[in-house]
Each structure stands twice: as structure tokens, then as C-alpha cells.
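Give the three-dimensional model of this entry:
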Amino acid sequence: MYKHLLRKRCPRDKGAIIWYDQCLVDFSSLDTFGQINYDDNFCMPSTKNLIGDSISFEERLRLLDNLTEMAVTKIDRNIKGIKKAVLYAAGERRLGKNNLYGMVQCSGDLSVQGCNECMTYYTVHFQNCWKSKQGVRVLSRSCNFRYELYPFINPKGPYYTKF
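Numbers count the residues shown, from 1 in each chain. Model (predicted):
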């Protein structure tokens, strides 16, 4: 269904990506399985800046690092009983008067090492985009992350943690 809509809107293109809040739809004529895509990405920062040093860059980076660690170490079994890292994690951290909410996700075709590499690349590559912002979404074909000062993920999910 999505492929048909994308081809109708983009008849000359050989690939497309749609990002949703919890997933992405991607199709391409290129075989990129297991490879990090460094081309298709963007940063959507909040319009609001952080006031002073209410939540430091290091604290936001620590939350994303902790969530990435959870995403690559939490093991799940697929339908065939094969164990694989879930490559997804969400959670929150109390920081003074505020809570910081975050989510990280890697595409299922990446290895644990690939997920770590992708998240490291994009946190560094887009740091000037989100360094002073109250929230951000960084989206790529291979991995994405988000943090906000308000809850945006169901805290009752199986991969949600309070730090």
C-alpha cells in the first residue's frame, strides 16, 4: 500500500522513506542490508531553547548513551526462536525539577556494532542542531533518536526504563 502511494508521488525515484513516530517505511532498489546509510537523514530540533544550563548537553547525551546500551543488550526472540538484540529502547531520567524523556531505535538489519556506530555518528554529526534545544528528533534510514521534556512514548511499553 505505502509503496504504491510513494511511487505515485515520486514516479521517477527508485526509493523512498517515510518516518512515523514509532517506525519507518523504506524501500529502495539498492541493497543496503546491514549497512549504515549516511545519506538520508535530518534533524528536527524543538523551536524552544533550553534556559541556562537547566539540562546539560552531557546529561542529554548520557540518556541517549544509556538508551543505546539498553537497545543493543536487551535480547528478544523472534518468531523462529532466534535471539537478537531489540535495537530499541525508551525511558526517562529525573534531572532536578525536570524529567527528560528519550527514545533510540536502529533498523533491524543492523548488527549491535552497527547500531552503536550509527547512534554515535548521528549524536556527533547533528550535535549543533540539538545542543541548545529542549527537544529534538534525529532521523536516518539506519537509526534515529529523540528526546523531549515531555512524555512522548507510552511508559508501560516493554522496553521503557526509568533511570
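
Where does residue 67 sit, in terms of helix or strand?
Element membership of residue 67 [criterion: DSSP states H and E] is helix 57-73.

Assign a three-state SS to residue 109, would you?
Under the three-state scheme (DSSP: H, G, I helix; E, B strand; the rest coil), residue 109 adopts coil.

how far away is it from residue 142?
Using Cβ to Cβ, to the nearest Å, residue 109 is found at 9 Å from residue 142. The way it works is simple: take the backbone N, C-alpha and C, and place the C-beta from them, glycine included.

same question, residue 35
Applying Cβ to Cβ to residue 35 and residue 142 gives a distance of 8 Å.

before we move on, what about residue 135?
Counting by Cβ to Cβ, the gap from residue 135 to residue 142 is 22 Å.

Looking at these two now, which is surrounded by more residues?
residue 142 (26 against 21; other Cβ atoms under 10 Å).

Who are the contact partners of the more buried one?
By Cβ atoms under 8 Å, 6 or more residues apart in numbering, residue 142 lies in contact with 35-37, 106-107, 110, 114, 118.

Quick check on it: phi, psi?
Residue 142 adopts backbone torsions of phi -100, psi -30, taken as degrees, to the nearest 10.

all helices for the chain, in order.
Along the chain, the segments classed as helices by DSSP state H run 2-9, 57-73, 112-125, 127-130.
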